[in-house]
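Student: test case, fold it:
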Amino acid sequence: MKTPILGSSYVLRSVNAADNRMVNLYPEVIPEGGKEPAYLQRCPGLSFKTTIGTGPIRGLYTLKNHIYVVSGNEFYKLDANFAPSALNQLLLEDGSLALLEDGGGILQENASPNVIGTISGTGPVSMADNGIQIFIAANPDGYIYNSLSDTLVPITDPDFPGAVTVGYLDGYFVFNEPNSQRVWITSLFDGTSIDALDFASAEAAPDNLVALIVDHREAWLFGTNSTEVWYNSGDPDFPLTRIQGAYNEIGCVAPYSVAKMDNSVFWLGADARGQGIVYRAQGYQAARVSTHAIEYAIQQYENMSDAFAYTYQQDGHMFYVLIFPSANTTWVYDAATGAWHERAGFKLGRFTRHRSNCHTAFNGEPIVGDYENGNLYAFDLSVYADNNATQKWLRSWRALPTGANNLNRTAQHTLQIDCETGVGLPGVDAFDDPTEITNESQVIINTETGAPQLVANLGTNVPQDIQTQPCDNLLGVVEDEGLSLVIESSATVGVNPRLMLRWSDDGGHTWNGERTVSMGRSGQYGTRAIFRRLGMTTKLRDRVYEISGTDPVKVAIMGAELRLSGTAA
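Tutor: Numbering: from 1, shown residues only. All right, here's what the predicted structure looks like:
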């Protein structure tokens, strides 16, 4: 029988009801001609690009041919090769400035790692541009970067009240004032200039604004318990006007959870009745996209207000990535399938929040910044580790399909995971038997006693007169008299990748020990990943299976076949 391994992450308050966890895997629907209607594929790994500053990476932004980075309290500009760049004044031989005919300085670009300027605060930043300037809202401070002069200056206009989030609308920067109902605009095409009267209040409800976002030339203003949508009416006194009827009584609990994706707006909601539901805009109304399982997980967190989100697209999947830093957890919604999954790092044997902290699309790649240091990475579907660190994936599911459990005991004989096999990496596995060393002519090299000289791979028993010395991509073999033979050896991890299985017979409360089977060495496409002799279910007459893996290899799971026998017990 087919056991329902496909699906999404869905773990309920009672694991006896549902315990379908999915970490670092996501489903892709196969509309026609597929072996199954869908399959599970591994989430992208992190391909290292560069380190910039000390981090964390608080914000990324792309303007024209450059990527702009807020790393810690420093602001950088990187070129297409991810090299720091800056514009400096061109000097003559005598040290004086080289000037244009109009008296302006001549700027030249270099690749020095100069800091363009400093940004206050420690949390996420919000950014928007008007083609020349980038407005950086650092709550409460604001900054303007000018791409022509390559300068970053704080907004010092005495009428500037501070900014939490910022957007761009018809030549104006639009931002919300901290701890207020007020939305402001800057002067037309000039983020450094603000008029004391260029604000309005979102007063349809008495709650404060927490965030705004500009979508389809409309400004969505999110309060703690309500949302309003404004547009540019051209009014000479204040151009933004509330759209009649574009109001709903659902607000936002986390200012930086608001993000655009799939021709819509997503956010972590709150209203007078509660909080912790993820919504997307349908027209001017809020449509729930989170499930009871996701909402149960979110509402266990002590702090939701520090959540933040980014969105990105890869291979036609559009992902809303919702990060809860205080809960050390990352949830991801895939708009292509409507399914949720977890993204996670793996540290000291435990899942942690994903390393990504923010995103921008640059050079045709989704680029993310690290939450602990100054690293930038690309999401890469052909990389199966997180900057060379282990990326563990996991899937748990009910052995029997919904409604098929008649509460009789079953003997479960075999479980075959229908996955792509033969995905192992070239090289020598750590647990292979020792092999003979030969010279270039393939003649076996013998020891002093005439026996073949052996090289033992890491993890095996080493003959007494041979000592292995592991080093980067090499194994050194030392004989009794100190002679050294060095042979090339490929990386051992992933040569013979393993699937790990465990199961629970009490609904997911406790688990048995792990078993492993091979996913096939490189090119062994006929390998069958089968677990045998799986025993009887116990008193509860229920079983949850869990498979996982850590090898840096491709993972594609089409389904699973379970052979079992029913009993009358």
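Student: what comes up buried for stretch 31-51?
Tutor: Going by neighbour count (16 or more other CB atoms under 10 Å), the buried part of stretch 31-51 is 38-50. Heads up, the C-betas are built off the backbone N, CA and C, glycines and all.
Student: please enumerate the strands of the stretch 401-550 of the chain.
Tutor: In order along the chain, the stretch 401-550 of the chain carries the following strands (DSSP state E, counting those that start in this stretch): 410-419, 435-436, 454-455, 467-471, 474-478, 484-488, 498-504, 515-518, 529-532, 544-549.
Student: before we move on, back to that, of the buried residues of stretch 31-51, closest to residue 503?
Tutor: In terms of CB to CB, no member of those lies closer to residue 503 than residue 40, at 18.3 Å.
Student: how close does the closest one sit to residue 159?
Tutor: 54 Å (CB to CB, to the nearest Å).
Student: could I get the CA-only coordinates of the helix or strand residue 58 falls within as CSV?
Tutor: Residue 58 is part of strand 57-63 when elements are defined by DSSP states H and E. Only the C-alpha atoms of strand 57-63 are listed here, as CSV (Å, rounded to 0.1, in the frame of the first residue of the first chain):
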residue,chain,number,x,y,z
ILE,A,57,23.3,41.5,7.8
ARG,A,58,20.4,43.7,8.7
GLY,A,59,19.3,44.6,5.2
LEU,A,60,20.0,44.0,1.5
TYR,A,61,18.9,46.1,-1.5
THR,A,62,19.6,46.1,-5.2
LEU,A,63,19.8,49.3,-7.3
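Student: which residues are contacting it?
Tutor: The list of residues contacting strand 57-63 from outside it, by CB atoms under 8 Å, 6 or more residues apart in numbering, reads 67-72, 119, 121-127, 129, 134, 136, 147, 357-362, 367-371, 374-376.
Student: also stretch 241-252?
Tutor: Residues external to stretch 241-252 that are found in contact with it (CB under 8 Å, 6+ apart): 202, 204-205, 207, 210-211, 218, 222-233, 235, 258, 267-272, 279, 284-286.
Student: ok, of those, which come out buried?
Tutor: Buried by 16+ other CB under 10 Å: 202, 204-205, 207, 210-211, 218, 222-232, 258, 267-271, 279, 286, out of those.
Student: inside strands: which ones of those?
Tutor: The strands, defined by DSSP state E, take in 210-211, 218, 222-223, 227-232, 267-271, 279, 286 from these.
Student: just to revisit the earlier point, mind checking which of the contacts of strand 57-63 are in strands?
Tutor: Among the contacts of strand 57-63, the residues falling in strands (DSSP E) are 67-71, 126-127, 129, 134, 136, 357-362, 367-370, 375-376.
Student: distance check, the residue nearest the centre of the chain against residue 199.
Tutor: The geometric centre of the chain, computed from its C-alpha atoms, lies nearest to residue 356 (CA atoms, centre = their mean), at 5.1 Å. Note on residue 356: its distance to residue 199, by CB to CB, is 35 Å.
Student: swap in residue 377?
Tutor: Here the criterion is CB to CB. By it, residue 377 lies 39 Å from residue 199.
Student: quick one, which of those two is more surrounded?
Tutor: Neighbours of residue 377 and residue 199, each counted by other CB atoms under 10 Å, are more numerous for residue 377; the result is 24 against 20.
Student: just the helices in the stretch 101-250 of the chain please.
Tutor: Applying DSSP state H, counting those that start in this stretch to the stretch 101-250 of the chain gives no helices.
Student: can you list the low-confidence ranges for the protein?
Tutor: Judged against pLDDT under 70, the low-scoring parts of the chain cover residues 85-113, 430-440, 444-491, 569.
Student: neighbours of the closest residue to residue 425 other than its chain neighbours, how many?
Tutor: Counting by CB to CB, 6 or more residues apart in numbering, the nearest residue to residue 425 once its immediate chain neighbours are dropped is residue 494, at 4.2 Å. Residues within reach of residue 494, counting by other CB under 10 Å, total 24.
Student: same check on the one 5 residues further on?
Tutor: Using other CB under 10 Å, the number of residues around residue 499 comes to 21.
Student: roughly how far does it sit from residue 5?
Tutor: Summarising the geometry, the distance separating residue 499 from residue 5, computed by CB to CB, is 12 Å.
Student: please apply the same query to residue 408.
Tutor: For residue 408, the distance to residue 5 under the criterion CB to CB works out to 22 Å.
Student: look at these two and report which has more neighbours.
Tutor: In this view residue 408 and residue 5 are compared by other CB under 10 Å, and residue 5 has more residues nearby, 27 against 11.
Student: what's the closest non-adjacent residue to that one?
Tutor: When the adjacent residues along the chain are set aside, residue 5 lies closest to residue 560, with 4.2 Å between them (CB to CB, 6+ apart).
Student: what lies in contact with the helix or strand harbouring that neighbour?
Tutor: Here residue 560 is covered by strand 556-566, with elements defined by DSSP H and E. Counting contacts by CB under 8 Å, 6+ apart, the residues outside strand 556-566 that touch it are 1-3, 5-6, 25, 35-36, 39-42, 395, 399, 406, 408, 410-420, 545.
Student: mark which of those residues are buried, thanks.
Tutor: Neighbour-count burial (16+ other CB under 10 Å) applied to the contacts of strand 556-566 gives 3, 5-6, 25, 39-42, 395, 399, 410, 412, 415-420, 545.
Student: isn't the residue nearest to the centre of the chain right up against residue 367?
Tutor: No - Residue 356 lies out of contact with residue 367 (CB atoms under 8 Å); the separation is 9.6 Å.
Student: quick check: neighbours shared by these two?
Tutor: Common neighbours of residue 356 and residue 367 are listed as residue 377 (criterion: CB under 8 Å, 6+ apart).
Student: quick check: the gap between the closest residue to residue 6 other than its chain neighbours and residue 26.
Tutor: For residue 6, the nearest residue in space outside its immediate sequence neighbours is residue 38; the separation is 5.3 Å by CB to CB, 6+ apart. In this structure, residue 38 and residue 26 are separated by 10 Å, where distance is defined by CB to CB.
Student: what do these two both touch?
Tutor: Common neighbours of residue 38 and residue 26, using CB under 8 Å, 6+ apart, are residue 337.
Student: buried residues, stretch 388-403. List them.
Tutor: Along stretch 388-403, these residues count as buried under the neighbour rule (16+ other CB under 10 Å): 391, 392, 393, 394, 395, 396, 397, 398, 399, 400.
Student: which residues does the last one contact?
Tutor: To tie it back to what came earlier, the one meant is residue 400. 3, 542, 543.
Student: 10 Å instead?
Tutor: By CB atoms under 10 Å, 6 or more residues apart in numbering, residue 400 lies in contact with 1, 3, 4, 406, 410, 412, 537, 541, 542, 543, 562, 564.
Student: same deal with the fourth one?
Tutor: Shown here is residue 394, whose contacts under the criterion CB under 10 Å, 6+ apart are 21-25, 342, 344, 346, 351, 500, 546-550.
Student: for those, which one is nearest residue 80?
Tutor: Lowest distance from residue 80 to these (CB to CB) belongs to residue 24, with 29.8 Å.
Student: okay, now the closest one: neighbour count?
Tutor: Residue 24 has 27 neighbouring residues, counting by other CB under 10 Å.
Student: quick one, phi psi at it?
Tutor: In this entry, residue 24 is assigned phi and psi values of phi 60, psi 30 (degrees, to the nearest 10).
Student: residues in a beta bridge with the residue nearest to residue 5, which ones?
Tutor: residue 417 (DSSP bridges).
Student: near it, how many other residues are there?
Tutor: The number of residues packed near residue 560 is 23, by other CB under 10 Å.
Student: quick check: the gap between it and residue 323.
Tutor: The gap separating residue 560 from residue 323 is 31 Å, by CB to CB.
Student: let me see the contact set for residue 206.
Tutor: Under the criterion of CB under 10 Å, 6+ apart, the contact partners of residue 206 comprise 181, 223, 224, 225, 226.
Student: an error on my part: the question was meant for residue 533.
Tutor: Residue 533 is in contact with 411, 412, 413, 414, 515, counting by CB under 10 Å, 6+ apart.
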